[in-house]
Every structure is written in structure tokens, then in C-alpha cells.
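Colleague: just a sequence and a predicted model for now, questions to come.
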Amino acid sequence: MDGLEQVRFRRDGERATLTLARPQVLNALSPTLIAECLKVVEAVAASDARVLVIEGEGRSFSAGVDLKAVTAPDYTPQVRKGFSDGARCLCVTLESMRQPTIARVAGHCFTGGLEIALACDFIVAADTAIFCDTHARLGMRSGWGLSQRLPRRIGLVKAREMSFTARRVPGPEALELGLILDAVPEEQLDRRIGALIDQMLANSADALAAYKILYRKAQTLTLDEGLRFEAEADLPLGDRAGRVAAFSAS
């Protein structure tokens, strides 16, 4: 993919990988990086890729927003709005695209980086990874969805603790909290993610896309509303599983 300066993109068969590529600043999130992430993710969403992995180059997933960028003279109100709007759109796209999304976390996953990781279907982390919401320490508050996604992931009380204290949560504790799917030694991280991907690729792409919709609705609907939506939703299964379903019903 052309025109990328702060991220990298590669495609390996049905697997797409987006790499945050500012290792010299722990992959701090700049307006340019977010715009490029959104460009890549929207392209993947419209493609025949089956899964998207987001990772950070070097020793961090992301240390959060680039504070130098957001205090620079050229960080105008217009740039600020574009940055925030782009980041929110990125998170919503990750959450709603038909492909399963995996955040591969090694090292720091702080604040804005945590917001992006939370928008993914799965977070798989090294056992040395560290998760932290530093908004309050910086005199800020979340704006990309963390206040809504984190309590849905780990519960309201634990989410409050993370945000109110800004304490660092190591990978094994993040696993206990339900924040992440797994915490493994870093040298096993790619193998663990590869196994997860292989298991998903063995199943119907349309069925997984339907489940993404159904589980997203489960976060906002009452039980009765969700049951009704599940029963009535027109979610066509056009690939292998759809053919099996049609055969079984005939």
C-alpha cells in the first residue's frame, strides 16, 4: 500500500497485518499515524482478507498519544478535530468490520493505544506486556471509546480502578481481569496468534461476520431485544456454512 510513512502493511494470504512503525517514540500516536491506520483498516475491511492483526514495531504496542505532536504550534483546532474524529472512526471500523481483529501486544499498551486495542475482537499479549490508562494522570479523559469499552470488557469497578488510579496492569493480571484473551511468553506470541487465526480460518467467514454483528448488538440491547434481533436479523451466510445450512434445511 503506497503513501504510508508511520505504519506498515503486509498481506500474507488471508491474513493482513498493520504495524505501528514509530519505534523510536514507542509507537506514540500522531495525527498522521491515525490517518494512515484508518486508511489501511478501511482498505482491509473492503478486501477479501479474513483477519487483521495490529501490532507495534519494537518494544511497545503503543505508549499512547504523542504529546509533542499535540502541543506543537501546528496542532490547530482543525487538526485536533481531525485527529479525534479519525481515531474514533478507526475504533468503530475495527469493531464493526466483518473480519476478526487481533491486537498483538508486547510492551506498553497505554491510553490511546489501549483504546485501539479495546476496539479489536481479541487482545493477545506477551506476559511482560503492561496495560495502563493514563488519561487522569495527564489531566485528560478518554475520547475514543475507552470509557464505554473498558467496563464492558472487565466490569465497571475494575475499569474505574484502572482509570482512577492510572496503575499499570501486567499481562497475567490483564488475563485474570478478562481484558485480554491470553498472556504468553513473548517468544510464543506469534505462535499463539497463528494458532488462533488458523482456528478461525477453518470456519465460515460469513458466519464470523454475522457473529461480530450479533455480539456487538449484545452489548447494547436488552436480553429480550437481543433474542428478537438474533431471530429476525437477515444475516446471509453465502460461503461454506451457508451452503451447509441450505442443504440441511432442504
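Modeller: Done, it's in. Numbering: from 1, shown residues only.
Colleague: shouldn't Phe9 be within a strand?
Modeller: Yes: Phe9 sits within a strand when classified using DSSP: H, G, I helix; E, B strand; the rest coil.
Colleague: how about the helices of this structure, start to end?
Modeller: If DSSP state H is used as the criterion, the helices of the chain fall at 31-45, 67-70, 77-96, 112-118, 146-154, 156-165, 171-177, 189-201, 205-218, 223-232, 240-249.
Colleague: who touches the second one?
Modeller: It stands for helix 67-70. Contacts made with helix 67-70 from outside it, assessed by C-beta atoms under 8 Å, 6 or more residues apart in numbering, are listed as Ala28, Ser30, Pro31, Tyr75, Arg80, Phe83, Leu138. Where you see a C-beta, it was placed from the backbone N, CA and C, and this is true even at glycine.
Colleague: could I get the buried residue list for that helix?
Modeller: Of all the residues in helix 67-70, those buried under the rule 16 or more other C-beta atoms under 10 Å are Ala69, Val70.
Colleague: kindly report the same for the first one.
Modeller: By neighbour count, and taking 16+ other C-beta under 10 Å as the criterion, the buried residues in helix 31-45 are 31-41, 44-45.
Colleague: rewinding a little: with the contacts of helix 67-70 in mind, which one is nearest to Leu196?
Modeller: For Leu196, the nearest member of these is Ala28. The distance, counting by C-beta to C-beta, is 27.7 Å.
Colleague: report pLDDT for the closest one.
Modeller: Per-residue confidence at Ala28 stands at 96 (pLDDT).
Colleague: kindly report the same for the one 3 residues further on.
Modeller: Among the per-residue scores, Pro31 shows a pLDDT of 95.
Colleague: and for Cys120, the neighbour number?
Modeller: 21 (other C-beta atoms under 10 Å).
Colleague: correction: the previous question concerned Gly155.
Modeller: Taking other C-beta under 10 Å as the criterion, the count of residues near Gly155 is 13.
Colleague: before we move on, what about Leu26?
Modeller: Residues near Leu26, counting by other C-beta under 10 Å: 21.
Colleague: please renumber the chain so that the first residue is 14 from this point on.
Modeller: Okay, using 14 as the starting number, the last item reads as Leu39.
Colleague: now for it: which residues touch it?
Modeller: For Leu39, the residues meeting the contact criterion (C-beta under 8 Å, 6+ apart) are Gly69, Gly71, Arg72, Ser73, Ser75, Ala76, Gly120, His121.
Colleague: give the contact list for the fifth one.
Modeller: The neighbours of Ser75, taking C-beta under 8 Å, 6+ apart as the test, are Leu33, Leu39, Asn40, Ala41, Leu42, Gly69, His121, Cys122, Phe123, Gly125, Gly126, Ile129.
Colleague: per-residue pLDDT, the residue positioned nearest the centre of the chain?
Modeller: In the chain, the C-alpha closest to the average C-alpha coordinate belongs to Cys133, at a distance of 2.5 Å (C-alpha atoms, centre = their mean). The model reports Cys133 with a pLDDT of 98.
Colleague: and if you look at Arg253?
Modeller: 61.
Colleague: what's the answer for Ala259, then?
Modeller: 45.
Colleague: for the one 4 residues further on, same thing?
Modeller: The per-residue pLDDT reported for Ser263 equals 32.
Colleague: count of residues packed around the nearest residue to Phe123 once chain neighbours are set aside?
Modeller: Leaving aside its sequence neighbours, Phe123 sits nearest to Gly77 (C-beta to C-beta, 6 or more residues apart in numbering; 4.2 Å). Residues near Gly77, counting by other C-beta under 10 Å, number 24.
Colleague: most surrounded residue in the contacts of Leu39?
Modeller: Compared across the contacts of Leu39, Ser75 has the highest neighbour count, 30 neighbours, by other C-beta under 10 Å.
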